[in-house]
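Undergrad: Predicted model, plus sequence, below.
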Amino acid sequence: MIIISEQSHNLHCDIYMVKMAAMVEMLVVLSVLVLMPIVGVAADWGSSSNFKCPKAFWIFGDSLTDTGNSQASFPTASRLYPPYGMSYTFRDKPGFNRYSDGRLIVDFVAQAFDHPFYGTYAHALNGANYLRGANFAYAGADANATAFLTPFHLNIQVDDFLNFKSKALDTGFYFPDPKGPYQPVLNAFIDGAYFIPEIGGNDLAVATNALNLPAPVVIAAFVPAAAAAVKTAITTLHDSGARLFFVGNTPPQGCNPAQLTLFDNRPKDSLNCVDDINSINRAYGTALRQVVDQLRTSFSGDGTQIYYIDNYNASIEIYTNPGTYGFTNTQQACCGSGGPYNYNSAFTCGNVVSCCPGQSACATPGSYVAWDGIHYTQAFYRQLAKFFLNGQFVSPALNLTAECHLDFTDFYKVK
Ligand SMILES: *[C@@H]1O[C@H](CO)[C@@H](O)[C@H](O)[C@H]1NC(C)=O
Ligand SMILES: *[C@@H]1O[C@H](CO)[C@@H](O)[C@H](O)[C@H]1NC(C)=O
Ligand SMILES: *[C@@H]1O[C@H](CO)[C@@H](O)[C@H](O)[C@H]1NC(C)=O
């Protein structure tokens, strides 16, 4: 996902400023969640009988997954203001670090596993404990090695992880444990899940929204580049010892208020989403699935398990049957400043530059899919997390809730 906001203009790098200014109009992007869990085990990735529950989650992605890295690195440019964070009070963090009204998929995963919220890599100096994993995701990140919105594309995040791992194994510094640092640290990596809930949404949205490229061009060039980058990331992590991966595709970005606003004149599908934009997300899903199949073959026999999370179809299920999941509004942003889809790129959610559009949200974010026009509400993320953990839209079959005795009690709490 992309972060687009007035504050984005403050980023330090000139080249990004120019590009970001061009993108303020576009913000669109849902993201691709790639989740990669690693669990060292089973020789057969297709069987859950040998499945070993992950002890930690090492997380990569973009603004659908970033819980504070971009804000830590760009304190002014990436700062989010109310009503961001309005629906959930984070006890361990200020609460405005997420591009939503509350929790993201990774936060629900933490709660289900009874882990603390995963610490952000960029906050390492704050004394976080990373025994249960860490989050390397950056808002604005591309999968491909491009830096339209932020330099921290996927494979930079993987580099950060390798650096972090090597320092952790040398010192045990971020893994306090009374029984001694080395074994707990090592186990957190060996028995960890390498999780990419979603990435690629920015690659695609930059192409369509900022560069104004038509769908066939995006499908021919940006889709394979993004999928190839995910392949490189998984391969690098695998070569460093990772064995359990969860990798997600992108939700249908043509259903986002930002895309619906920008491409209002284009043909819509049966869900009133921008048809050719969703076709790009479908093509990316197909490419990502092929990558996953190739990697399973390459790694077969060494215990690697790679699970594909189909966020696209999971989202389509919600858009198709919103009432089943408690949603009443699938087309308008909860937080925006008017227009048919409650999205106006000049006054986005959390706007503080000029008074006052974008400073208020709908009264019931829990019944909205879209939060700010680009990103989703915590209610939507909660449902995607439930699908994932319950083994829906996941292949091969894996029911983490049953396998790992997960508990969703905290999912509906407000702090
Ligand atoms: C992907 O990244 C590479 C390396 O930066 C770049 O040369 C290439 O143009 C990018 N591809 C796309 C489609 O942006
Ligand atoms: C959605 O589900 C259909 C049917 O299982 C599948 O063929 C398609 O590849 C899925 N889409 C994506 C983007 O993975
Ligand atoms: C996964 O397991 C949980 C707990 O046993 C169960 O409630 C849920 O229905 C299962 N999911 C599916 C898709 O069968």
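TA: Perfect, thanks for sending it. Numbers count the residues shown, from 1 in each chain. Ligands and ions are numbered 1, 2, ... in the order given.
Undergrad: Not counting sequence-adjacent ones, nearest residue to T120?
TA: G68 (4.2 Å; CB to CB, 6 or more residues apart in numbering). (C-beta placed from N, C-alpha, C; glycine too.)
Undergrad: My error: substitute F57 in the last question.
TA: F57's closest residue in space is G133 (CB to CB, 6+ apart), at 4.0 Å.
Undergrad: Quick one: residues contacting the one you found.
TA: A56, F57, W58, I59, H115, Y118, A188, G192, A193 (CB atoms under 8 Å, 6 or more residues apart in numbering).
Undergrad: now do 10 Å
TA: With contact set as CB atoms under 10 Å, 6 or more residues apart in numbering, G133 has these partners: 37, 54-59, 106, 109-110, 113, 115-116, 118-119, 188-189, 192-195.
Undergrad: Over to L237?
TA: Residues near L237 by CB under 10 Å, 6+ apart: M36, I38, W58, F60, V158, F161, L162, K165, Y194, I196, R243, F245.
Undergrad: and it, what element?
TA: helix 223-239 (DSSP states H and E).
Undergrad: longest single strand anywhere in the protein?
TA: Among the segments of the chain that qualify as a strand by DSSP state E, the longest is strand 192-198.
Undergrad: List the first helix or strand encountered after that strand toward the C-terminus.
TA: Going down the chain from strand 192-198, the next helix or strand is helix 201-205, by DSSP H and E.
Undergrad: got a list of contacts for the helix or strand following that next one?
TA: Per DSSP H and E, the first helix or strand lying C-terminal to helix 201-205 is helix 215-217. For helix 215-217, the external contacting residues (CB under 10 Å, 6+ apart) are 204, 207-208, 211, 223, 254, 266, 274-280, 283.
Undergrad: Number of residues surrounding the residue in the stretch 101-250 of the chain that ligand 2 sits nearest to?
TA: Ranked by CB to the nearest ligand atom, the top residue of the stretch 101-250 of the chain for proximity to ligand 2 is N249, at 5.3 Å. Using other CB atoms under 10 Å, N249 is surrounded by 32 other residues.
Undergrad: Then D302?
TA: Count around D302 with other CB under 10 Å applied: 10.
Undergrad: Which phi and psi values does K386 adopt?
TA: phi -70, psi -40 (degrees, to the nearest 10).
Undergrad: from now on call the first residue 419
TA: OK, 419 is where the count begins now, so the last one is K804.
Undergrad: isn't it right up against G744?
TA: No: using CB atoms under 10 Å, K804 is not in contact with G744; the gap is 11.3 Å.
Undergrad: Who has more neighbours out of those two?
TA: K804 (18 against 12).
Undergrad: Averaged over its residues, which helix or strand of this structure has the lowest pLDDT?
TA: strand 451-452 (a mean of 32; mean pLDDT, DSSP states H and E).
Undergrad: Select from the contacts of G551 every entry located in helices.
TA: Within the contacts of G551, residues falling in helices by DSSP state H are V524, V527, A528, A606, F607.
Undergrad: For PyMOL, what selects the buried ones among the residues you listed?
TA: Only the buried entries of the ones in helices among the contacts of G551 go into this PyMOL selection, using 16 or more other CB atoms under 10 Å:
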select buried, resi 524+527+528+606+607
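Undergrad: and the least confident of the ones in helices among the contacts of G551?
TA: By pLDDT, A606 ranks lowest within the ones in helices among the contacts of G551, coming in at 89.
Undergrad: For the residue nearest to that residue when sequence neighbours are not counted, give me its contacts.
TA: In this structure, A606 finds its nearest non-sequential neighbour in A474, 4.2 Å apart by CB to CB, 6+ apart. The contact partners of A474, by CB under 10 Å, 6+ apart, come to 455-457, 531, 533, 536, 548-552, 593, 602-603, 605-613.
Undergrad: go with 8 Å
TA: H533, Y548, L549, R550, G551, A606, F607, D609, G610, A611.
Undergrad: my read: the first one touches R550, true?
TA: Put plainly, it is H533. Yes: shown here, H533 and R550 form a contact pair, counting by CB atoms under 8 Å, at 4.2 Å.
Undergrad: who has more neighbours, the two?
TA: R550 (21 against 16).
Undergrad: one step back: would you confirm that the residue of the stretch 519-668 of the chain closest to ligand 2 contacts I617?
TA: No: in this structure N667 lies outside contact range of I617 using CB under 8 Å: 9.3 Å.
Undergrad: Give me the distance between the spatially closest residue to N487 that is not a sequence neighbour and ligand 3.
TA: Of all residues not flanking N487 in the chain, A540 sits nearest, at 4.3 Å (CB to CB, 6+ apart). The spacing between A540 and ligand 3, counted by CB to the nearest ligand atom, to the nearest Å, is 35 Å.
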